[in-house]
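**Student:** Predicted structure and sequence below. I'll ask about it afterward.
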Amino acid sequence: MLNDSINRNSLRGAFREVPYMGVIFVVDEAHKRGFWNGHPDWSNLGQGQPEVGPYEGAPPRIEEVRIGPQDHAYGRLEGTDELREAVATHYNRLYRRGMPSQYSADNVAIANGGRLALSRAMAALGAVKIGYQLPDYTAYEDMFNLHLERMDPIAVWTDEAEGFQLTPVQYSTAIQEHSLDAFIMSNPCNPTGNVIQQGELEALVRASRERRVTLLLDEFYSHFIYTDDGNPADSPVSAAAFLEDIEDDPVVLFDGLTKSFRYPGWRVGWVVGPKKMVESMARTASSIDGGPSRIAQLAAIQALEPDRADQETTALRQNFVKKRNLMLERLEMMGFRFARRPLSTFYCWASLDQLPEPFDDAMEFFWRALDHKVMTVPGKFFDVNPGKVRSGPSPYKQWMRFSFGPPMDNVEMGLDRIAEMLGKKSST
C-alpha cells in the first residue's frame, strides 16, 4: 500500500515523498555519475524523447515564431481556436477522409504536453472502474494514485506468448468480468513497441462503442510505424480511422508534437474526442494548469502545416527504422531475446533471461551499465501498480527497455559498450 505519512520535523515538512517515474530515476542516477543532457561520452539508451536535431529528408527545424501584443495575455483553457482547428484538420486529413463525421475545433483541447493532457483526463473522470494493460507507461501509476479515492484501477495482464500485446478478446473479457467504465492504454505501446492496428484496433473501438466504455488512447507514438520486414510503414496509426460517429463513440485520443514531430521541449499536447468529454477535461485546467502557452501554440501551427507535417513524419519513419533494425540485430547477437519485435515507437523491450549472471537481472544490469556510461530502463518501472497493492518481485524483473531515440552514433556507442560489458565482440 502507499505510504503517504509525513514527518513534520524533516526537511520535507508536510510534503510526502513523491517517487520518481522510471526514466527520471534513471536520469537522476546518471546525473550523480556526471551525466548531463547531450554529454558526448554518455549513451542514453533510456531516453524517452526522440532526437531533436536536423536529419535527412526532414524539413528545417522551426526556430522562430512571431508574437503579437495579444500573445502576452491569458489564453483560453482549451487553447487557441487556430491551433485547435489545425489539429482537427490534421486528423480529418489523415484518418477521416470521405467520412460524414468530421472533427472540428470543438473536438480538440490543447495542453502543455501529453502528461498534462492525461492528468486533466484523470481529474475529469468520475467514480469509475478503469482498466489498464500491463506493462504500460510508467507515469500512469502516479496519475492513478492521485485519484484512488474515487477510481478503482483494474490491471489486465498481457501475455508474453502474445508478445505482451493486448488482444481484442482480452479487452472485451476485461470489460465484462470487471464491469469497466473506462480503459486507458498507450497504443503504440511504451515500453513494448507494439502497435494494435487495422482490424484489431477496429475491434477495440467497436467493443467500446457497444459496451459504452470510455477508451482513452495515448497515441503519442502514432507516426513511428514500421513493417515486419524492417521498412518504414506508409502511414501512421490512430483509432480515429475507425470511429463511426466522433460524438457518440466514447473514444478519446491523446497526441502532440513531443514524439512524432520531435519538439518535446515545446510541451504541446492535445486531446481529441467527443465535444462533451473534451469540454470536461478542459475545465479541469482552471485549477490544474491555467491553459497552454500562446507562444508554443503559434509555433505548433507551423508544424502542422500539411506539407511540412507529412515531410517531417515520413522522414521520421525512414530514419528511425534504421536505428530500430540496428538495435534489434546487435541486441540479438549479444543474447537478448524478444517476445515480439517492435513495429512502433523507438523502444526495444528485451528479455535478459538468456544472459549470464548477474546480467540476467534488470536492476543489476542497469547499475553495471551506468558504470559504462550507458543508461537503460529496467522493466519493473512499467509494472504499473496503483496504490502498491501488489507486493513481491515484479514479473518484469528480467526485462529491459532500450531506446533508439538518440542519434545513430550515440545508439551505436551504447551498444558497443554493452557488448564490451557482456564480453561480446563489438561489431565495430
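**Tutor:** Perfect, I can see it now.
**Student:** Show me what the helix or strand hosting Leu326 packs onto, helices and strands only.
**Tutor:** Leu326 belongs to helix 306-334 when assigned by DSSP states H and E. Where contact means 3 or more Cβ pairs under 8 Å, 6 or more residues apart in numbering; DSSP states H and E, helix 306-334 is packed against helix 81-95, helix 294-303, strand 347-351, helix 408-421. Placement of C-beta: from N, CA and C, glycine included.
**Student:** any chance of those in TSV, with mean neighbour count and mean pLDDT too?
**Tutor:** Shown next, in TSV, are those (neighbours: other Cβ atoms under 10 Å; pLDDT from 0 to 100):
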stretch	mean neighbour count	mean pLDDT
helix 81-95	19	98
helix 294-303	19	97
strand 347-351	25	98
helix 408-421	20	98
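**Student:** just so I know, which of these lies nearest Asp249?
**Tutor:** Nearest to Asp249, of all the helices and strands packed on helix 306-334, is helix 81-95, at 12.9 Å by Cβ to Cβ.
**Student:** so what's Ala299 up against?
**Tutor:** 62, 65, 263, 266, 268 (Cβ atoms under 8 Å, 6 or more residues apart in numbering).
**Student:** thought the last one was touching Gln302?
**Tutor:** It refers to Val268. No. Val268 is not in contact with Gln302 according to Cβ atoms under 8 Å; the separation is 11.3 Å.
**Student:** Report the distance from stretch 378-396 to the chain centre.
**Tutor:** 18 Å (Cα atoms, centre = their mean, to the nearest Å).
**Student:** Residues contacting that stretch, please?
**Tutor:** Contacts for stretch 378-396 (Cβ under 8 Å, 6+ apart): 1-2, 21-23, 25, 132, 134-138, 140-141, 144-145, 148, 151, 153, 155, 190-191, 349, 362-363, 365-366, 397-401.
**Student:** which residues of this protein fall in strands?
**Tutor:** Under the criterion DSSP state E, the chain contains strands at 43-44, 108-111, 128-134, 151-157, 182-186, 214-218, 251-256, 269-272, 347-351, 374-375, 377-378, 399-403.
**Student:** Put together TSV for the ones you listed, with distance to Ala58 on each row.
**Tutor:** What follows is those, written out as TSV (distance: least, Cβ to Cβ, whole Å):
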stretch	distance to Ala58
strand 43-44	21
strand 108-111	24
strand 128-134	32
strand 151-157	37
strand 182-186	24
strand 214-218	24
strand 251-256	18
strand 269-272	21
strand 347-351	21
strand 374-375	25
strand 377-378	26
strand 399-403	19
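**Student:** Just the pLDDT at the spatially closest residue to Met363 that is not a sequence neighbour, thanks.
**Tutor:** Spatially, and ignoring its direct neighbours in sequence, Met363 is nearest to Pro378 (5.3 Å; Cβ to Cβ, 6 or more residues apart in numbering). Predicted confidence (pLDDT) for Pro378: 97.
**Student:** cool, and Asn7?
**Tutor:** 83.
**Student:** Also Asn3?
**Tutor:** Listed pLDDT for Asn3 reads 62.
**Student:** now do Ala240
**Tutor:** So, for Ala240, pLDDT stands at 98.
**Student:** what number of residues lie near it?
**Tutor:** By the criterion of other Cβ atoms under 10 Å, Ala240 has 25 neighbours.
**Student:** what's near enough to touch the closest residue to it other than its chain neighbours?
**Tutor:** Closest residue to Ala240 apart from its sequence neighbours, by Cβ to Cβ, 6+ apart: Tyr95 at 4.0 Å. Neighbour list for Tyr95: 238, 240-241 [criterion: Cβ under 8 Å, 6+ apart].
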